Structure formats: C-alpha cells, structure tokens
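>>> what's the 3D shape of this:
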Amino acid sequence: MVDIDGWSIELCGGTHVRSTAEIGPFAMLTETSVGSGARRIEAVTAGEAFAYLHEQAREADLLRLELDELRRQVKKPAAKEEVDFTVVDKESNVLFVEAKQVKGGPLRDLSDRLRQQEKADGVIIGSVEDGRAFLVVNFDESLVQRGLDATQLVRDLGKHIGGGGGGKPTLAEAGGKNPDGVRLALEAGKQAVAAALA
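As a prediction, this is how the structure comes out:
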C-alpha cells in the first residue's frame, strides 16, 4: 500500500519508493484516455522534474522577451519612406510636382503633406514608377467653388499619359502607360488652373 498521510491510500502500482519524499517535485507531461473510466498520466519526478520545470521557465522567459519586443515595435511609428520629388511650378497657389518611384496611397499622402507644408490650395503631382505614369490632383474645397473639378481635370490630363482616371471634385487620380507625358500633363494642368482662376 502507498499511504499519503491525510490524502489517499492506494494499492502499489510499482512506485518503488520508501516514502513520498523520495518523489520530490512532480511535473505532469501528458494525460490520455486508455479505456472507459481509465486515464493514463505520464510525469517526471525528482531531478528530471527540476530540469523540465527549469526548461519550461527558460522558454517562458524567451517568449516574454519576444512579446515585449513585438509590443515595442508596434508602438514605434512606422518610418516614413523618403520620396524623391521636385516642385516644378506654381500657379494661383497650386503646386505642380514631379515625383519618382511612387504611386497610389503614398502619392496621395505626398499631395496632402505638400498642401499642408506649403499652405497650398492645391497640388497636382505626376510620377513615374516601373515604366508607368501616375497623376494625383488634390484641391481645396475653395478651388472647387471657383470652378475647378479634380475629377474632370485628371481625366483631361490623363490623355497625356495614355490613360484615364477618376475620383471626386477635391481628389482624383489617373494612371497611364506613357511616362514621357508627365511633364506635358503638368503643363496642361497649369494652363487649366490659370484659365479657371483668371
């Protein structure tokens, strides 16, 4: 009989210890079913249990460090990629900008940033990336009230880059397959702005 004082008295199943003190720490590894109403528990004891628990604690510390690092990275603001651009002209407080290797969201973000930094009423940007041309027309509402429409203008300018586009009166964009037409599109945009706001 194995008598754990005040806890249980069990028929010996091969423990082969003189007292429970010899077992020492106990770490359960697995627990499975071996039949109806019977479960099988596999565990380590004594020195092996110490080693197992120490390894588990070490792995937990490593995971905690990795999690802390991930949290720090999430809190860090994403590094803004530098965009290569040049303000090539200005007409009636509307900037005309040529950029390189940027399109889509970053190109729209650049137009917003330039409007804020330069206190401009509008920005028209042309860009070339991977052999394709892109345009963004970004207007303040005051320009729309004076007769300019970003959607209509970007469609007109899109002809110079061999494409088309759309959007809304204050923000529109176009893409085309003729990168050589970007400068012509910007010049046409300048003329259109000058005529509308004259």
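>>> output the longest strand belonging to this protein.
Under DSSP state E, the strand in the chain containing the largest number of residues is strand 26-35.
>>> next structured bit after it?
Where DSSP states H and E defines the elements, the next helix or strand beyond strand 26-35 is strand 38-45.
>>> what does that following strand rub up against?
The set of residues that contact strand 38-45 without belonging to it, under C-beta atoms under 8 Å, 6 or more residues apart in numbering, is 23-34, 49, 52. Where C-beta positions appear, they are placed from N, C-alpha and C, glycine not excepted.
>>> turn these into JSON lines, columns for pLDDT, neighbour count and distance to R155.
Listed next are the contacts of strand 38-45 as JSON lines, based on pLDDT from 0 to 100; neighbours: other C-beta atoms under 10 Å; distance: C-beta to C-beta, whole Å:
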{"residue": "I23", "pLDDT": "77", "neighbour count": "14", "distance to R155": "83"}
{"residue": "G24", "pLDDT": "80", "neighbour count": "13", "distance to R155": "81"}
{"residue": "P25", "pLDDT": "83", "neighbour count": "14", "distance to R155": "76"}
{"residue": "F26", "pLDDT": "80", "neighbour count": "13", "distance to R155": "77"}
{"residue": "A27", "pLDDT": "86", "neighbour count": "14", "distance to R155": "72"}
{"residue": "M28", "pLDDT": "88", "neighbour count": "11", "distance to R155": "71"}
{"residue": "L29", "pLDDT": "88", "neighbour count": "11", "distance to R155": "69"}
{"residue": "T30", "pLDDT": "89", "neighbour count": "8", "distance to R155": "68"}
{"residue": "E31", "pLDDT": "87", "neighbour count": "10", "distance to R155": "69"}
{"residue": "T32", "pLDDT": "87", "neighbour count": "9", "distance to R155": "69"}
{"residue": "S33", "pLDDT": "85", "neighbour count": "9", "distance to R155": "70"}
{"residue": "V34", "pLDDT": "78", "neighbour count": "8", "distance to R155": "75"}
{"residue": "A49", "pLDDT": "87", "neighbour count": "18", "distance to R155": "75"}
{"residue": "Y52", "pLDDT": "89", "neighbour count": "17", "distance to R155": "70"}
